[in-house]
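please find the sequence and the predicted model below.
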Amino acid sequence: MAVNLLAPLGGRYGAEALAQALRDAERLGYRLARVDGPDERLCAWIDWTFAPSWWSSEARDGSAWIAYAADGEIVGFAAFGARSRSAPWLQPYRDRRDTGIFGPFGVAEAHRGTGLGAALLTAALCGLAERHTQALIPAVAGERLIASYERRAGARVADTYEYALRPARAVILASGSGTNAQAVIDDARAGRNALDIAAVVCNAAGAQVRERARAAGIADDLVAWDRATQTRADFDERVIAAVAAHAPDLVLLLGWMHLLPAAFLACFPQTINVHPAFLPFDPAADAVVMPDGTAIQAFRGARSPEATIAAGVGWAGVSVHRVTPAADRGGILVRTPLKLAPGTTLDGLRAQLRPLEHGAVAKAIRRWSLGA
């Protein structure tokens, strides 16, 4: 159960209120700075601090006030003004000129309870007041948090609703051990997602993911490619036919080691992939900004972990994205960065990425199922 709150802006959030919020933050030892438009370091910091989360994709589509500690580290943010957010509970408000959308909003755990959150909230509402007469504070859950917004912003409950995950028939494509597939299967069994997993399609006869499918009572469809006797086009047609036989609403690529042709995506446009690297939101970018502000190569392709270790960079990560004909350049659903210790090995990196992949895939499925 969650609520949408509406907070009146009126004359309460003008220049004087903003100046006071900035002074309050400074007195507490923080510096607030406003950004209008994407701030890639902030997005990466959000992904790191609140993982797994899709807040970064929402924060980058509007404006934000960012809180910095004395050492220059980001410690909090309050986003506002995004219009591209697609969650069903936002639809009645997206085109209302009198209403601006607040959030997402978060403060690093070590800096909560300091008063910083109140300063950020005020600054963001002042930003909305420049163009709107009321602020929508969406998807608020919990009596204490609702009461906090009522007290701090004069908000009132406008809508009450339950998060509704749309049921979906899914097919998993995988080529290897299937730990991600197992995590999705376990979540489906426990009711943590709303997927009916119709089949696992695999292109390797000895892959462990096939055993996992059979153990779960899920159809195990082997579509192997004999390169000596079969063309790639014929193989692609067999994969399309195998998936189409199960009429899926969603296709999950969980360690599938072949690029998919445009014909596959024309048949199954709702296809998402987990990739073992931290990818940029901009599909044309070949570098990605990390939480500390450094930029590293966007490691795309089948051997991303190997490329990460070979490059000697200090960061890695995982991304779950929509699949397009351009490899690893589809829209990001969820991503999570990983700080690497010096001397991290390839096996060590893979071991650290595995639980991050499980969490990111689960969150991405939830986002897709919510229509967000």
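All right, it came through fine. On a predicted model such as this, the values are computed, not experimentally measured, just so you know.

list of residues touching stretch 105-124?
The contact list for stretch 105-124, computed with Cβ atoms under 8 Å, 6 or more residues apart in numbering, reads 13, 17-18, 20-22, 24-25, 28, 30, 32, 34, 46, 49-50, 55, 64-65, 67, 69, 74-80, 102, 152-153. Glycine gets a C-beta too; all of them are placed from N, C-alpha and C.

and that stretch, what's its mean pLDDT?
Per-region confidence: stretch 105-124 scores 97 on mean pLDDT.

tell me which stretches of the stretch 1-150 of the chain form helices.
Using DSSP state H, counting those that start in this stretch, the helices found in the stretch 1-150 of the chain span residues 15-27, 40-49, 55-59, 116-129, 143-153.

A372: which of these is closest?
helix 55-59 (8.7 Å; Cβ to Cβ).

the closest one: how far from the chain's middle?
8 Å (Cα atoms, centre = their mean, to the nearest Å).

so which elements touch it?
helix 40-49, strand 74-80, strand 99-107, strand 332-339 (3 or more Cβ pairs under 8 Å, 6 or more residues apart in numbering; DSSP states H and E).

ranking these by burial, who's on top?
Using mean count of other Cβ atoms under 10 Å, the stretch among those with the greatest mean number of neighbours is strand 74-80 (a mean of 26).

longest helix anywhere in this structure?
helix 346-370 (DSSP state H).

do you know the pLDDT at A327?
On the pLDDT scale, A327 gets 88.

which strands and helices sit next to the helix or strand bottoming out on mean pLDDT in the chain?
Every helix and strand in the chain was compared by mean pLDDT, DSSP states H and E; the lowest is strand 156-161, with a mean of 92. Under the contact definition 3+ Cβ pairs under 8 Å, 6+ apart, strand 156-161 sits against strand 2-8.

so what's the gap between the strand it packs on and the chain middle?
Put simply, strand 2-8 sits 24 Å off its chain's centre (Cα atoms, centre = their mean).

list the neighbouring strands of that strand plus their orientation.
strand 134-140 (antiparallel), strand 156-161 (antiparallel) (DSSP bridges).

out of those, flag the one nearest A207.
Per Cβ to Cβ, nearest to A207 of the strands paired with strand 2-8: strand 134-140, 39.2 Å.

what's the angle between the closest one and helix 346-370?
120 degrees (axes from the mean of the first three to the mean of the last three Cα atoms, to 10 degrees).

any idea of the mean pLDDT in strand 134-140?
95.

sort out which residues of it are buried, please.
Q134, A135, L136, I137, P138, A139, V140 (16 or more other Cβ atoms under 10 Å).

quick one on the thing from earlier: which among the strands paired with strand 2-8 is found nearest to A287?
Using Cβ to Cβ, the strands paired with strand 2-8 put strand 134-140 closest to A287, at 32.5 Å.

output that closest one as CSV, nothing but the C-alphas.
Output of strand 134-140 as CSV, limited to C-alpha atoms (Å, rounded to 0.1, in the frame of the first residue of the first chain):
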residue,chain,number,x,y,z
GLN,A,134,1.7,22.2,-5.9
ALA,A,135,4.1,19.3,-5.7
LEU,A,136,3.3,15.7,-6.1
ILE,A,137,5.2,13.5,-3.7
PRO,A,138,4.6,10.0,-5.2
ALA,A,139,4.8,6.4,-3.9
VAL,A,140,5.1,7.2,-0.2
